[in-house]
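Asker: everything below, folded, please.
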Amino acid sequence: MRISTLSIYGNATNQLNTLQSALARTQMQLSTNRRILTPADDPVASARALEVSQSREMNSQFATNRASARSSLSAVEGALQNAGDLLQDIQRLTVNAGNGSMLPSDRKALATELEGRLADLLGVANSTDGAGGYLFSGYMATTQPFTRTPEGAGYNGDQGQRQLQVGASRKIPLSASGSAVFENNLTGNGTFQTQAADDNAGGAIISPGSVVNRGLAEGRKSYTLTFATDASTPPVTTYTVVDEAGDPVPGHDAAVYEAGKAISFGGITFDIKGEPAAGDEFTIAPSTKQSIFTTVTDLIAALKAPADGTAGKAALTNRLNTALDNLSQAHDNVLTVQASVGAHMKELDYLDSAGDDLDIQYAATLGDLQDLDAVKAISEFSQQQTTLQAAQMSFKTMSGLSLFNYL
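Answerer: Numbering: from 1, shown residues only. Model prediction:
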């Protein structure tokens, strides 16, 4: 069979190009330490590697989100800590205001100091996150949550909580609603609130009371206790308790009053001390939600009001006791929200640890799919290099053959 010179050169050139391409591919694998250079090298492994790479990138984004969430929660925690410290300071000043040796000027000075604490508390409630957004305005991040009003402060935000995806199936709140932190504070002892009427003329003081039967106490009824004095000598003071429908409470219809003796009905108990006047009234009503700013504003008004005589001093004491109960509930609420924020930050630590472990797993999976067996590749490279050199020498020798060499 005759073979043309063109065919010999063409076949040799193609073979050399193939060997050269294989050598270049192996060299590229060694330089990148990757077994798969194009999807055609291993379609199944390439598709799997793409899925794992996407999952790894998503895990990295979750880590970035967790860092952002931790920053926001740290700002919220700091603001709540400041609010708690201010509430403790306000409670201390309220206790000091109950000192019987204080003069009206002393109470006015305390009221002025409390106005400063109120302004500080309002500033905390309007704290920002450092990026122009307010911490306690819900979804309305660019709206100042609270504005000063004669009654305390008005809330301008909403009830939402901004959230951020920090895991494949977990979202973390980045803030707390200002309404939940500063407005949804239960009055009294958290179940019911005792209060004296503003026009009481006697010196009776009512205690905050406590719950003895929660099932009955949570019946959400209101009661009114009214004092009366008969015409006997000496006069006997009695009291009558009626519910919100005006029906007398059994056992408390014209009952004889004894200062300091427990008065119990409807699952609750409390006592009244001091000397009440005929017609004095006290109310026992279910706890409601009240803004902390309203509580402090009412406290300031109580300190500025005259407290002359037995009735004035009793009224001041009753108002201070009411304020202390409400402040205690507000402080507990702030601590509850702060504990929730701390729990979220602790959860972020666990998610970071799990994310790091997952990243290691993804890296190992990608390594199994893509990474090159360096020993095998180096051996193959040396073999291909030797084969190419041999082919080049053979081609050079064959191309140099000529019939003229034998003539």
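
Asker: residues making contact with stretch 215-225?
Answerer: 191-192, 211, 239-244, 249, 252, 263, 265-268, 272, 281-286 (C-beta atoms under 8 Å, 6 or more residues apart in numbering). For the C-beta atoms, the positions are set from N, CA and C on the backbone; glycine is no exception.

Asker: just the buried ones from the residues you listed, in ChimeraX syntax?
Answerer: A single ChimeraX command suffices to select whichever of these are buried according to 16 or more other C-beta atoms under 10 Å:
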select :191,192,211,239,241,242,243,249,252,263,265,266,267,268,272,281,282,283,284,285,286
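
Asker: let's verify residue 270: helix, strand, or coil?
Answerer: Here residue 270 is recorded as strand under DSSP: H, G, I helix; E, B strand; the rest coil.

Asker: ok, it touching residue 283?
Answerer: No: taking contacts as C-beta atoms under 8 Å, residue 270 lies outside contact range of residue 283: 11.5 Å.

Asker: could you tell me which residues touch both of those two?
Answerer: residue 194.

Asker: now do whatever helix or strand residue 356 lives in: which elements does it pack against?
Answerer: If you go by DSSP states H and E, residue 356 is part of helix 309-370. Applying 3 or more C-beta pairs under 8 Å, 6 or more residues apart in numbering; DSSP states H and E, we find helix 309-370 packed against helix 43-97, strand 163-167, strand 170-173, strand 185-186, strand 192-196, strand 205-206, helix 292-304.

Asker: report all helices and strands that the first one contacts.
Answerer: The reference is to helix 43-97. Short answer (3+ C-beta pairs under 8 Å, 6+ apart): helix 43-97 packs on helix 104-125, strand 163-167, strand 170-173, helix 292-304, helix 309-370.

Asker: so for residue 150, which of these sits nearest?
Answerer: helix 292-304 (7.8 Å; C-beta to C-beta).

Asker: check which helices and strands that closest one is in contact with.
Answerer: Partner elements for helix 292-304 (3+ C-beta pairs under 8 Å, 6+ apart): helix 43-97, helix 104-125, strand 152-155, helix 309-370.

Asker: now, of those, which is deepest in the fold?
Answerer: Scoring the helices and strands packed on helix 292-304 by mean neighbour count under mean count of other C-beta atoms under 10 Å gives strand 152-155 as the most buried, with a mean of 19.

Asker: next one: the nearest residue to residue 127 once chain neighbours are set aside from residue 128, what distance?
Answerer: Excluding its sequence neighbours, the residue lying closest to residue 127 (C-beta to C-beta, 6 or more residues apart in numbering) is residue 79, at 4.3 Å. Using C-beta to C-beta, to the nearest Å, we find residue 79 at a distance of 9 Å from residue 128.

Asker: quick check: neighbours shared by the two?
Answerer: Counting by C-beta under 8 Å, 6+ apart, the residues touching both residue 79 and residue 128 are residue 135.

Asker: which non-adjacent residue is nearest residue 254?
Answerer: residue 238 (4.7 Å).

Asker: which pLDDT does the model give that neighbour?
Answerer: Predicted confidence (pLDDT) for residue 238: 94.

Asker: now it: which helix or strand?
Answerer: strand 237-243.

Asker: and for residue 390?
Answerer: helix 374-399.

Asker: and what of residue 283?
Answerer: strand 281-286.

Asker: show me what that strand is packed up against.
Answerer: Strand 281-286 packs on strand 192-196, strand 223-229, strand 268-273, going by 3+ C-beta pairs under 8 Å, 6+ apart.

Asker: how about the contacts made by the residue nearest to residue 254?
Answerer: Per C-beta under 8 Å, 6+ apart, neighbours of residue 238: 227-230, 254-257.

Asker: closest to residue 327 among the residues you listed?
Answerer: residue 227 (28.3 Å).

Asker: the closest one and residue 272: what is the separation?
Answerer: Relative to residue 272, and taking C-beta to C-beta, residue 227 is found at 9 Å.

Asker: repeat for residue 13
Answerer: From residue 13 to residue 272 the distance is 113 Å (C-beta to C-beta).

Asker: quick one on the thing from earlier: show me what the next helix or strand after the strand holding residue 283 packs onto, helices and strands only.
Answerer: Counting by DSSP H and E, the next helix or strand C-terminal to strand 281-286 is strand 289-290. If you count contacts as 3+ C-beta pairs under 8 Å, 6+ apart, strand 289-290 packs onto strand 185-186.

Asker: could you find the closest non-adjacent residue to residue 236?
Answerer: residue 230 is the one closest to residue 236 (C-beta to C-beta, 6+ apart), at 5.2 Å.

Asker: that neighbour: neighbour count?
Answerer: Number of residues near residue 230 (other C-beta atoms under 10 Å) recorded here: 11.

Asker: what do you get for residue 220?
Answerer: Residues near residue 220, counting by other C-beta under 10 Å: 11.

Asker: find me the pLDDT at it, would you?
Answerer: 72.

Asker: that one: what secondary structure?
Answerer: coil.

Asker: state the distance from it to residue 288.
Answerer: 11 Å.

Asker: repeat for residue 277
Answerer: For residue 277, the distance to residue 288 - C-beta to C-beta - is 28 Å.

Asker: okay, these two: which has more neighbours?
Answerer: Comparing residue 277 with residue 288 by other C-beta under 10 Å, the one with more neighbours is residue 277, at 16 against 10.
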